[in-house]
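> quick one, fold the following:
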Amino acid sequence: MKNTLLIAGKEIKSYFASPIAYLLMAAFGLIFGYTFYVFGVRPFMRMGLQAQMMGQQQPMSVNDMIIRPMLGFAGTITLFLVPMVTMRLIAEEKRTGTIELLLTSPIRDNEIIIGKWLGAMFLYLCILGMSMLDIAFLFLWGKPDVQPVLVAYLGLILQGGCLLAIGEFISTTTKNQIIAGGVTFFFCLLLYLLNGSTEFDSGWLAQVGSYLSIMSHLENFSKGLLSSKDVIFYFSMTFFALFLTSRAMESLRWRA
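Predicted structure coming up:
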């Protein structure tokens, strides 16, 4: 456990010692903040004023009209940011030759893999935390339900962990960061697009594709519904990707 935390700390320091962490946090914060105001808060305020002018007393749900679509949109943004976080995890070590030092040191492969994944998860949580600044204003000026918000963030965290594990595996297959980032983005996008598999086809293949979609499992979380099926899916995908990474690292160790 000590070695895992040391590896994680090293990754976190490398992220924040360069502009990458600050650029990703700023990019996510700006995109989410702009969308939050233009497509969330402003339409909600306009509809509220119209309802008052027409004498309608039925309250509007902040969770359904703002928080739920915005946190769902946050899950879409992360598809573009995750490759930038994971592309250097192992690829950079291979490019600089430091992977040989890691593989010949008294550190187990699983400690390296989990440590780097935890470091990437920490940066992902920092990026995701930028959205909390906007959500906090809703709690200052309104009374949204807390539980659906917490469940939605849990879904985003599980989805992020899954995609980061996939990105780490892809990063072990090449020493080129650009290739690692591009292939990771392709797989993230593919897992996103599989959500529409059953739109025009109801066969078993379409059903499998829909089940493998990360967004189809995020939908329940965004609604505030905590389903064991969705939790198991994300944990299984994360474990499988980390397992593949361990096999790839074992191959590198033999070649080293």
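> what element comes up after the helix or strand where Trp117 lies heading to the C-terminus?
Assigning secondary structure by DSSP states H and E places Trp117 in helix 109-141. Of the helices and strands lying after helix 109-141 in sequence (DSSP H and E), the nearest is helix 146-171.
> who are the packing partners of that following helix?
Packing partners of helix 146-171 (3 or more C-beta pairs under 8 Å, 6 or more residues apart in numbering; DSSP states H and E): helix 68-86, helix 109-141, helix 177-193, helix 214-222, helix 228-255. In short, each C-beta sits where N, CA and C put it, glycine included.
> closest one to Thr4 among those helices?
Minimum separation from Thr4 across the helices and strands packed on helix 146-171 (C-beta to C-beta) falls at helix 109-141, 4.4 Å.
> list the buried residues of stretch 147-158.
By 16 or more other C-beta atoms under 10 Å, the buried positions in stretch 147-158 come out as 148-149, 151-153, 155-158.
> send the alpha carbons of that stretch over as CSV?
Taking Å, rounded to 0.1, in the frame of the first residue of the first chain, the C-alpha atoms of stretch 147-158 are listed here in CSV:
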residue,chain,number,x,y,z
GLN,A,147,-29.6,13.0,-2.6
PRO,A,148,-30.0,13.1,-6.5
VAL,A,149,-27.0,15.4,-6.7
LEU,A,150,-24.8,13.0,-4.7
VAL,A,151,-25.9,10.0,-6.7
ALA,A,152,-25.2,11.8,-10.0
TYR,A,153,-21.7,12.7,-8.8
LEU,A,154,-21.2,9.1,-7.8
GLY,A,155,-22.0,8.1,-11.3
LEU,A,156,-19.6,10.6,-12.8
ILE,A,157,-16.8,9.3,-10.5
LEU,A,158,-17.5,5.7,-11.4
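> off-centre distance for it?
Here stretch 147-158 is found 12 Å from its chain centre; the criterion is C-alpha atoms, centre = their mean, to the nearest Å.
> contacts for that stretch?
The contact list for stretch 147-158 (C-beta atoms under 8 Å, 6 or more residues apart in numbering) reads 63, 67-68, 71-72, 74-75, 78, 125, 128, 135, 217-218, 220-226, 230-231, 234-235, 238.
> can I have the buried ones of the residues you listed as a ChimeraX selection?
The buried subset of the contacts of stretch 147-158, as determined by 16+ other C-beta under 10 Å, is captured in ChimeraX by this line:
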select :63,67,68,71,72,74,75,78,128,135,217,218,220,221,222,223,224,230,231,234,238
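> picking up where we left off before, out of the helices and strands packed on helix 146-171, which gets nearest to Glu92?
helix 177-193 (6.2 Å).
> closest to Ala27 out of the buried residues of stretch 147-158?
Each of the buried residues of stretch 147-158 was scored against Ala27 by C-beta to C-beta, and Leu156 proved nearest at 16.6 Å.
> Ala165 versus the closest one, what's the distance?
Relative to Ala165, Leu156 is positioned 15 Å away (criterion: C-beta to C-beta, to the nearest Å).
> so where's the stretch 101-250 of the chain shaky on pLDDT?
Scanning the stretch 101-250 of the chain for pLDDT under 70 picks out 142, 195-204, 206.
> distance of the closest residue to Gly224 other than its chain neighbours from Leu225?
Distances taken as C-beta to C-beta, 6 or more residues apart in numbering put Pro148 closest to Gly224, at 2.8 Å, once the chain neighbours are dropped. Plainly put, Pro148 is 8 Å away from Leu225 if you go by C-beta to C-beta.
> got it, and Ile67?
Ile67 is 14 Å from Leu225, by C-beta to C-beta.
> same check, this time on Gly72
13 Å.
> before we move on, what about Pro144?
For Pro144 relative to Leu225 (C-beta to C-beta), the value is 16 Å.
> wait, what's in contact with Ile127?
24-25, 28, 78, 81, 85 are the contacts of Ile127 under C-beta under 8 Å, 6+ apart.
> from these, pick the one nearest Tyr192.
Nearest member of those to Tyr192, counting by C-beta to C-beta, is Thr78, at 10.2 Å.
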